[in-house]
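Asks: Test case, fold it:
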Amino acid sequence: MTERDRQSTPAAVELWGNGRGYGPISPRHPLGGEMTDVVRGIFTRLRLPWLLQRYSKIPVLAVFSCVNGFVSIGLMAALAVVTKSPFVFPSLGPTAFLFFYTPTAASAAPRTTIVGHSIGIAVAYMSLLITGLTHAGPATATGVTLPRAIAAALSLGLTAGLMVLARAPHPPAGATTLIVSLGILSRPPMLLVLLGGVVLLTLQAILINRLAGVDYPLWAPRQARPEQDPPPPPPP
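Replies: Numbering: from 1, shown residues only. Next comes the predicted model:
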């Protein structure tokens with residue numbers, strides 16, 4: 001198949017348009033996520049009809065992602081500057097992306113987010129206690145020693161398992177647990193600040209998604225509608 005043929009397939013037309021600039025992106029396409037719903041809701045609330053006609057186009061979604069990411073993490077970073085506390089850390093980035101890209105997914109629900117990060121923080125500190133690294137410097141300064149490798153592997157493994165048991169699978173929590181077990185942020189006061197940052201970002205997500213009219217949960221993820229059982233096969 002030539003490049004021209006690929007661009008004329010239904011999936012390509014659905015994503016990129018018919019060669020007359022960027023076309024609307026279908027929510028069914030993986031790139032669309034649920035961001036189109038968020039953008040449409042916000043533009044409707046702000047009474048921006050000229051943007052509302054273009055809410056599902058890729059450049060509009062890209063600009064919204066940029067602005068929303070800047071504002072979400074920028075507020076946390078400003079709080080970190082004012083309080084001199086680590087209210088912003090790497091794993092908040094993917095959490096923020098989940099909040100506004102797939103807000104109705106179970107992994108983006110407030111309960112899943114807060115429980116997942118809490119498990120990651122608690123398990124990582126426990127791994128530091130087990131390996132005797134609670135007062136050691138960060139791995140970025142001291143290097144990865146055998147105890148540090150054990151702490152990192154133990155924290156990530158237990159975090160993954162416990163999130164499944166708690167029915168709170170939140171992938172960014174895997175990064176949070178490594179931030180702690182690698183000693184980057186490992187003092188107990190810092191751990192409370194980490195969790196506080198997660199809670200504040202979650203409150204932002206509730207505010208923005210609810211403002212956009214998205215059916216975003218206040219705590220637990222929405223229950224999926226049960227699928228009907230298929231009809232029994234006909235008798236032989």
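
Asks: For the rest of this, base every contact and every neighbour count on C-alpha atoms.
Replies: OK.

Asks: got the buried residues for the top helix by length along the chain?
Replies: Using DSSP state H, we find that the single longest helix of the chain is helix 58-83. Neighbour counts over helix 58-83 (16 or more other CA atoms under 10 Å) mark 58, 60-61, 64-65, 68-69, 72-73, 75-77, 79-80 as buried.

Asks: Check which helices and strands that helix sits against.
Replies: helix 35-45, helix 92-101, helix 188-211 (3 or more CA pairs under 8 Å, 6 or more residues apart in numbering; DSSP states H and E).

Asks: buried stuff in the longest one?
Replies: Burial within helix 188-211, assessed by neighbour count using 16+ other CA under 10 Å, is assigned to 191, 193-199, 201-202, 204-206, 208-211.

Asks: quick one: low-confidence ranges for this protein?
Replies: By pLDDT under 70, the low-scoring segments of the chain are 1-33, 48-56, 224-236.

Asks: if we can go back for a sec, the longest helix of the chain vs helix 92-101, what angle?
Replies: Helix 58-83 runs at 140 degrees relative to helix 92-101, counting by axes from the mean of the first three to the mean of the last three CA atoms, to 10 degrees.

Asks: what distance separates helix 58-83 from the centre of its chain?
Replies: 14 Å (CA atoms, centre = their mean, to the nearest Å).

Asks: Likewise for stretch 133-140?
Replies: 27 Å.

Asks: and if you look at stretch 201-221?
Replies: 13 Å.

Asks: who's in contact with that stretch?
Replies: Under the contact criterion CA atoms under 8 Å, 6 or more residues apart in numbering, stretch 201-221 has outside partners 37-42, 44-45, 72, 76, 92, 96, 99-100, 103-106, 108-113.

Asks: how about 6 Å then?
Replies: Stretch 201-221 has contacts (CA atoms under 6 Å, 6 or more residues apart in numbering) with Val38, Gly41, Ile42, Phe99, Thr104, Ala106, Ala109, Pro110, Arg111.

Asks: Quick one, which of the residues you listed are buried?
Replies: Those of the contacts of stretch 201-221 that meet the buried threshold are Val38, Gly41, Ile42, Phe99, Thr104, Ala106, Ala109, Pro110, Arg111, by 16+ other CA under 10 Å.
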